[in-house]
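>>> Here is my input; please provide its structure:
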Amino acid sequence: SEYWFGLTDVGLLYWNPARETIIHMQHENQDTSSLCDNVVNLIGFDKDSTHILVGTDSGFSALRKGTLKFKNFYPRILPGKPGLNSRYVYDFFDDGKKYWLSTYGGGLNMIEKKTGNIIYYTTREGLCNDGLYTLVPENDSVLWLGTTNGLSRFYIAGKKFENFGIEDGIPGDEFNMLSRFVHEDGEIFMGTINGLMSFSPDQMNRILQAPKVYLSRIRLNGQYLSDSLISGINQNRRLVSRYGESIYFEFSPMVYNGSANTIVRYRIDEIDTTWKTGEAG
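This is a model prediction of the structure:
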């Protein structure tokens, strides 16, 4: 077994207890093949486990296992020049042909492994915010991006974004750095400043649909009906009353957050075909 550690301000540490080997790798000002920065935000392996990948506060480094020389990708110095769109690399994913980097302030950066060409995807392309904290691959063609202002789903083939905010049901607009986990059944967990959220990617589209509306309280002739009776009415979708009876009822849309942005309308066709808002009585 071997172990790799990313350190707060002193680089990268390799430990092989079987061989009693410890190697400390740091950024050296005069050596362009050294680690690009001593502030390490994240370490991981590439898809075929031949390289150690390192996200830092001054770019992105790839170290081939068994060597001590890094291939570095630094932030660009001037607009229009080659390089990353931000110095801060907080998360990454290797799909085999490309490195995908979440950068703070520079959006999503893609590096072609064969050519080193870099392409940026920012708010201009539809990303909800350029401050990226987390990157979660749904698969090799879809990425989930937790930002400082919303959640983005990126379709790699079509280069399109689908964005989600509090109004769509996520607990908080701002996500936390490296706070993500993918369960073996595909469920994704991501941390926000307002708590932990989890979702199955194939169900996220349902958040954008209108929520179901249920009768939550019914008062008939001054007496509230029991919850069991109301549940039966919701299941049967039918409420029958006699002429002259006094009926009051309340609606509840099934939303988990952002309820202030939800408006419920109703109408009683036998009485009035006009749509109305608010409580009905």
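
>>> contacting residues around the helix or strand encompassing S231?
Assessed by DSSP states H and E, S231 sits inside helix 227-236. For helix 227-236, the external contacting residues (C-beta atoms under 8 Å, 6 or more residues apart in numbering) are 214-218, 225, 239. Glycine gets a C-beta too; all of them are placed from N, C-alpha and C.

>>> Try it again at 6 Å.
214-215, 218, 239 (C-beta atoms under 6 Å, 6 or more residues apart in numbering).

>>> Format the CA atom coordinates belonging to that helix as PDB.
What follows is helix 227-236, C-alpha atoms only, in PDB (Å, rounded to 0.1, in the frame of the first residue of the first chain):
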ATOM      1  CA  ASP A 227     -56.900  13.700   8.200                       C
ATOM      2  CA  SER A 228     -58.000  10.200   7.200                       C
ATOM      3  CA  LEU A 229     -61.100  11.500   5.400                       C
ATOM      4  CA  ILE A 230     -59.000  14.300   3.700                       C
ATOM      5  CA  SER A 231     -56.500  11.600   2.600                       C
ATOM      6  CA  GLY A 232     -59.300   9.600   1.000                       C
ATOM      7  CA  ILE A 233     -60.600  12.700  -0.800                       C
ATOM      8  CA  ASN A 234     -57.100  13.400  -2.200                       C
ATOM      9  CA  GLN A 235     -56.800   9.900  -3.400                       C
ATOM     10  CA  ASN A 236     -60.300   9.800  -5.000                       C
END
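
>>> and that helix, how far from the chain's centre?
How far helix 227-236 lies from its chain's middle: 37 Å, per C-alpha atoms, centre = their mean, to the nearest Å.

>>> Which neighbouring elements make contact with the helix or strand hosting S61?
S61 is located in strand 59-64, with elements delineated by DSSP H and E. Judged by 3 or more C-beta pairs under 6 Å, 6 or more residues apart in numbering; DSSP states H and E, the packing partners of strand 59-64 are strand 51-56, strand 70-73.

>>> out of the ones you listed, nearest to I193?
Closest to I193 of these is strand 51-56 (C-beta to C-beta; 21.2 Å).

>>> what comes into contact with the closest one?
For strand 51-56, contacts defined as C-beta under 6 Å, 6+ apart pick out 36-37, 39-44, 46, 61-64, 89, 92.

>>> same thing but at 8 Å, please
Outside strand 51-56, the residues touching it (C-beta under 8 Å, 6+ apart) are 4, 6, 12, 35-46, 60-65, 70, 89-92, 94, 99, 101.

>>> Given that strand, what are its sheet partners and their directions?
Strand pairing for strand 51-56, using DSSP bridges, gives strand 40-45 (antiparallel), strand 59-64 (antiparallel).
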